[in-house]
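Participant: Following is a predicted model, sequence given first.
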Amino acid sequence: MHTQEQKIHLSRQLDFITRSCESYDSGFHDEAIRIAQSMRVLFHDTRNSTSLLSLMQKKSDIRLLTTCSTAPLPAGLAIMDCVSIMTMNGMKPCLSTSRFTREVPIIDWWEQVVLVTGPKQKHSRKSIILATANKDGGSHIDGNITPKFKILKDGFWTFEKGNISEELTDYHFIGIRQFGYEIINSHELTALTI
């Protein structure tokens with residue numbers, strides 16, 4: 001049974017994610033880093049640290065909302081519509097417009113490949129969230145990032161509007177904002193705060 005203190009911690013992390021999502025939507029896209037940090041607290045277990053949901057003994061019991069298809073992703077370059085949509089002003093998170101909405105066990109949500117940026121460059125929620133939290137300013141800043149994550153930070157796609165071409169950088173922020181939408185709309189998770 002989880003304690004009242006654990007419920008308070010869970011509520012706090014969900015509130016952090018909610019407020020950061022609202023800030024992201026107001027134009028502060030770097031709030032995605034804080035969203036990733038809170039998700040790391042909720043889900044990531046290591047030899048030296050235990051996730052909040054593991055402490056609550058709920059990590060294997062509940063399901064989270066996913067907005068991504070379970071179909072295998074193509075091996076080539078792809079921007080998945082479960083993460084983003086194209087608008088007149090560039091890419092943005094798809095939020096509630098996804099046609100793939102369903103609930104899955106946490107481990108499936110965490111490990112699901114949500115983006116492919118090239119041959120052998122598959123990105124799961126876990127890899128995107130942990131790279132952001134551990135290397136891009138959530139918990140640490142690391143100049144030695146992997147080539148796979150560097151592609152998300154530095155840009156792998158060009159957006160063209162009229163005569164202007166703009167490199168799409170920090171694509172991981174869009175994905176993390178989408179993951180934030182999934183978390184705050186995961187009813188089994190939010191019910192644990194009651």
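Facilitator: Great, that's in hand.

Participant: all strands of this structure, in order?
Facilitator: Listed in chain order, the strands of the chain (DSSP state E) span 63-66, 84-87, 90-93, 102-105, 113-116, 122-124, 158-161, 164-167.

Participant: Which of those has the lowest mean pLDDT?
Facilitator: Per-stretch mean pLDDT for those is lowest at strand 84-87 (a mean of 60).

Participant: Does residue 93 touch residue 182 like I think?
Facilitator: No. Taking contacts as CB atoms under 8 Å, residue 93 lies outside contact range of residue 182: 10.1 Å. Every residue, glycine included, has its C-beta placed from N, CA and C.

Participant: Return the residues in contact with the closest residue to residue 96 other than its chain neighbours.
Facilitator: Nearest residue to residue 96 in three dimensions, chain neighbours excluded: residue 181, at 7.2 Å (CB to CB, 6 or more residues apart in numbering). By CB atoms under 8 Å, 6 or more residues apart in numbering, the contact set of residue 181 is 21, 67, 93, 95, 96.

Participant: Start and end of stretch 26-40, how far apart?
Facilitator: Stretch 26-40 has an end-to-end distance of 23 Å (CA to CA, to the nearest Å).

Participant: swap in stretch 25-38?
Facilitator: Start-to-end span of stretch 25-38 (CA to CA) is 17 Å.

Participant: Surely residue 132 touches residue 176?
Facilitator: Yes. In this structure residue 132 lies within contact range of residue 176 using CB under 8 Å: 6.2 Å.

Participant: any common contacting residues for these two?
Facilitator: Residues within reach of residue 132 and of residue 176 at once, by CB under 8 Å, 6+ apart, are 32, 33, 36.

Participant: could you redo these as a markdown table and give each row pLDDT?
Facilitator: Formatted as a markdown table, those follow (pLDDT from 0 to 100):
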| residue | pLDDT |
| --- | --- |
| 32 | 95 |
| 33 | 94 |
| 36 | 96 |
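
Participant: Among these, which one sits closest to residue 146?
Facilitator: Residue 146 has its nearest neighbour among those in residue 36, at 15.5 Å by CB to CB.

Participant: I'd like to know which helix or strand in the chain has the lowest mean pLDDT.
Facilitator: The weakest-scoring helix or strand in the chain, judged by mean pLDDT, DSSP states H and E, is strand 84-87 (a mean of 60).

Participant: In the chain, where is pLDDT below threshold?
Facilitator: Where the chain drops to pLDDT under 70, the residues are 1-2, 71-90, 98, 137-143, 145, 151-153, 155-162, 164-167.

Participant: Centroid-wise, who is the farthest residue in it?
Facilitator: Most distant from the centre of the chain: residue 163, at 32.0 Å, with distances by CA atoms, centre = their mean.

Participant: Tell me how far it lies from residue 92.
Facilitator: Per CB to CB, to the nearest Å, residue 163 is found 22 Å from residue 92.

Participant: cool, and residue 63?
Facilitator: With CB to CB as the criterion, residue 63 and residue 92 are 26 Å apart.

Participant: for the chain, longest helix please?
Facilitator: As assigned by DSSP state H, the longest helix anywhere in the chain is helix 4-25.
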